[in-house]
Every structure is written in structure tokens, then in C-alpha cells.
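Trainee: Could you look at this predicted model? Sequence included:
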Amino acid sequence: MSRNLLIKLEKISKIYKMGETNLKALNKVDLEIMEGDFLGIMGASGSGKSTLMNILGILDFPTEGVYLLKNKDVSSLNDKEASKIRNKEIGFVFQTFNLIQGLTAFENVEMPLIYAGVPKRRRKEIAEFYLEKMGMADRMKHKPNQLSGGQRQRVAIARALVNEPSIILADEPTGNLDSKTTEEILSLFHQIHREGKTIVLVTHEPDVGRETERIIVLRDGKIIEERIN
């Protein structure tokens, strides 16, 4: 079965001005991501992987180059356009979970649906469906400080999925978890991938990287290696 090209990066560079000097965080990166890919991005601290993740997530913009998402150039959108596409096309999972502390698990998962203008009854159905899917049916009314790290990450994954995004970007999603919980969370990512979702996972841990289908390795802002697992 042929798969469509989802993301194409062409000669993407990112330069940060640091006083008198310029820091080149990314240096002419070319990358293609197909629908249904499970891609790992690896590299040492300072290699450019977080910058690449931020550009893929339209949280930051390249200094040079072109970023095509579903054939649309998203290299230089205004804040409103970027926010709209992010909420529709991209689901984020972070190392620190990024849940709103004062809200319940249900309310956290519901939040992207509110931004998307989904009616209240439908929001309830969708949020409950994904929380149940993540094994959190009995924790919906708990707030983040009443949940373990693994449970918080399950809520975060549910939140990332509710708008049926084109791609899930996971930035060190197991970085704050013990080995057993890491296995459980990676198992959820495999399940999501088997259901057809495209996943990009940033990690510095080789064991986690080996769980993906394809790995790119960054050093000094360049892709120095690409391999199939």
C-alpha cells in the first residue's frame, strides 16, 4: 500500500543570535516523513534535536529553508495561522507532561477540543474515549498531582490524540519514567502506530530509539546518520 508524503524539510537551517555571535542550531537539514512512519530523532545534548522538534511542531520557524506539511509551506506563518495548524495537525507529548495542574485529567484532555470549537457533548464523548483507551477510565476526575508519572503521561497522550492529528511529536516522553513505566508507555506508542498514526519521537536513550522503525542521528545541527531498525 502506497503512503503519502506528510512532511518534507528542504535545507532547513536555524540560527540563533547570541549577542555578537551566531549559533547555528540546524544546518541545511533535509528530511522526509511519510504517513504512518515511526521516526526516532537521536543525538547528544546540543545536537539540534530539540530545535528540529520545535520546527516540526511549528513552535519555531527556520531561518532558512522550506517546511512542507501536507504540501503546504508552513515555514513562515503568523502566530494565529501557526496555532490553528498546530491544534489541527499536531499532537504533542512532552517529557514534563505539560498538564494544567488545576484541571482534572478529563479537563486536560478536553482542552484542545474546546480550542477547536467542538460542542460540549461531543467533547465529553471524545475525551472519555481516549482516556479509556489509555487505561485511565477510573482516573478521569483526578488532578495531575494525584497521578503517578506514568498516569500523567497517559493523560498527555490522550490529550495529544483527541483532535485526530496527522502526527504525534513526542519529546523525550519516557525521560521522567522508571524502566517498567517506560515499557508501558512505549507499548502505547506502538499501539497508536499500529492504528496508523505517524509518530516522531525524540530521545537520547538508545533503548528507546530502538523501539522506532527509523532513526536519524543529529550532530552539530546536521543529520549524520539514518538507519532502519
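Mentor: Okay, I see it. Numbering: from 1, shown residues only.
Trainee: how about the residue nearest the centre of the chain, secondary structure?
Mentor: Nearest to the mean C-alpha position of the chain, by C-alpha atoms, centre = their mean, lies L169 at 1.3 Å. Assigned with DSSP: H, G, I helix; E, B strand; the rest coil, L169 falls in the strand class.
Trainee: what's across from it in the sheet?
Mentor: F92, V200 (DSSP bridges).
Trainee: I'd like to know how far it sits from S179.
Mentor: Between L169 and S179 the computed distance is 23 Å (C-beta to C-beta, to the nearest Å). The way it works is simple: take the backbone N, C-alpha and C, and place the C-beta from them, glycine included.
Trainee: circling back to that earlier point, please give me every residue in contact with the residue nearest to the centre of the chain.
Mentor: 53, 56-57, 90-93, 200, 202 (C-beta atoms under 8 Å, 6 or more residues apart in numbering).
Trainee: how much space between it and G19?
Mentor: Distance from L169 to G19, by C-beta to C-beta: 31 Å.
Trainee: do L9 as well
Mentor: 28 Å.
Trainee: Looking at these two, which is more packed in?
Mentor: The neighbour count for L9 versus G19, taken as other C-beta atoms under 10 Å, is higher for L9 (23 against 5).
Trainee: I figured that one was touching V29, is that so?
Mentor: Yes - between L9 and V29 there is a contact under C-beta atoms under 8 Å: 5.7 Å.
Trainee: which neighbours do these two share?
Mentor: Common neighbours of L9 and V29 (C-beta under 8 Å, 6+ apart) are G65.
Trainee: and the helix or strand where K28 lies, which residues are buried?
Mentor: For K28, the host element (DSSP states H and E) is strand 21-34. By neighbour count on 16 or more other C-beta atoms under 10 Å, the buried set for strand 21-34 is 24-27, 29, 31, 33.
Trainee: what's the following helix or strand after that strand?
Mentor: strand 38-42.
Trainee: what's the angle between that next one and strand 21-34?
Mentor: With axes from the mean of the first three to the mean of the last three C-alpha atoms, to 10 degrees defining the directions, strand 38-42 sits at 160 degrees from strand 21-34.
Trainee: Which strands and helices lie in contact with the helix or strand just after strand 38-42?
Mentor: Using DSSP H and E, the next helix or strand after strand 38-42 towards the C-terminus is helix 49-56. The contact analysis (3 or more C-beta pairs under 8 Å, 6 or more residues apart in numbering; DSSP states H and E) places helix 49-56 against strand 5-18, strand 21-34, strand 38-42, strand 167-171, strand 198-202.
Trainee: In a markdown table: the ones you listed, plus distance to G221.
Mentor: Shown next, in a markdown table, are the helices and strands packed on helix 49-56 (distance: least, C-beta to C-beta, whole Å):
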| stretch | distance to G221 |
| --- | --- |
| strand 5-18 | 8 |
| strand 21-34 | 4 |
| strand 38-42 | 13 |
| strand 167-171 | 17 |
| strand 198-202 | 15 |
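Trainee: among those, which is nearest S75?
Mentor: The closest of these to S75 is strand 5-18. By C-beta to C-beta, the value is 8.3 Å.
Trainee: List the strands paired with the closest one, with their directions.
Mentor: Sheet pairing for strand 5-18, using DSSP bridges, gives strand 21-34 (antiparallel), strand 64-69 (antiparallel).
Trainee: low pLDDT regions in the protein?
Mentor: Along the chain, the model assigns pLDDT under 70 to residues 1-2.
Trainee: Many thanks, we can stop here.
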